[in-house]
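J.: sequence and predicted structure are below.
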Amino acid sequence: MIRLTLSSERVRNTVITDEQGQILYKTDTPFRLFGTDTTTIHRIKPNDDPYHMRDQFEWHDFISSKFPTGGTEIETKQFIPRKGLLGRKRVFTGPDGRPYRWDLKFKVVILSRDDGSRMEVARFHRATLGIIGKKRKAMLEVSPEMAHMMDTVIMTFVYVEQLRRDKEKRRTIGD
């Protein structure tokens, strides 16, 4: 597995590094009191243009958010729509033409093929404080077979993990 470490669980403002500590992606969402939040995802290429890929999400509260794909924007309800009784799954077609599905569990998100195999290809691990077990930073494990579409994995991960965090926050407030 490819292990990517996040500097923070706040996926809209984090730095993603590989196992050697090389920065691969950086996400940035400036604070806004009103209006649309915009998250920028930078892919960092070593010894090259420091911000090679630069895609932006538009986060909306009451209408479908905008998702960058292929140099254009598409509404999230079209690119990565809800699936399942409670909408805890998000499905999309990868650049390889295969169907994929993110499952938004209570404390984790898992990416798998959305076919008969249901093969898991990525999993997010939240940070641990080390009170029980070893201290660990937040980490996204990605199957090497997904390396050809890592940008899509990262973009969809940021989106679904933020959705999961927002739902978790609403549950906590509601208690």
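T.: Received, thanks.
J.: got any ranges where the chain has weak pLDDT?
T.: Residues of the chain that meet the criterion pLDDT under 70 lie in 33-36, 46-64, 70, 171-175.
J.: mind listing the strands for it?
T.: 2-6, 14-17, 23-28, 37-43, 53-59, 66-69, 72-75, 82-83, 89-93, 99-104, 109-113, 120-125, 139-142 (DSSP state E).
J.: the second one packs against which elements?
T.: For strand 14-17, the helices and strands in contact under the criterion 3 or more C-beta pairs under 8 Å, 6 or more residues apart in numbering; DSSP states H and E are strand 2-6, strand 23-28. For the C-beta atoms, the positions are set from N, CA and C on the backbone; glycine is no exception.
J.: each with direction, which strands does it pair with?
T.: Strand 14-17 has the following strand partners under DSSP bridges: strand 2-6 (antiparallel), strand 23-28 (antiparallel).
J.: setting aside sequence neighbours, what's the nearest residue to the residue positioned nearest the centre of the chain?
T.: With distances taken as C-alpha atoms, centre = their mean, the residue of the chain nearest its centroid is Phe157 (1.6 Å). Spatial nearest neighbour of Phe157, chain neighbours left out: Leu140 (6.1 Å); criterion: C-beta to C-beta, 6 or more residues apart in numbering.
J.: now do the residue nearest to the centre of the chain against Asp114, distance only.
T.: Phe157 sits 16 Å away from Asp114, going by C-beta to C-beta, to the nearest Å.
J.: check Lys107 too.
T.: 22 Å.
J.: could you dump the helices and strands packed on strand 14-17 into TSV with mean neighbour count and distance to Ile16 added?
T.: TSV is the format used below for the helices and strands packed on strand 14-17 (neighbours: other C-beta atoms under 10 Å; distance: least, C-beta to C-beta, whole Å):
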stretch	mean neighbour count	distance to Ile16
strand 2-6	19	5
strand 23-28	18	4
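J.: okay if I get those as TSV plus distance to Glu161?
T.: Output for the helices and strands packed on strand 14-17, formatted as TSV (distance: least, C-beta to C-beta, whole Å):
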stretch	distance to Glu161
strand 2-6	9
strand 23-28	11
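J.: who's more crowded, Lys107 and Asp114?
T.: Using other C-beta atoms under 10 Å as the criterion, Lys107 and Asp114 rank with Asp114 on top: 19 against 9.
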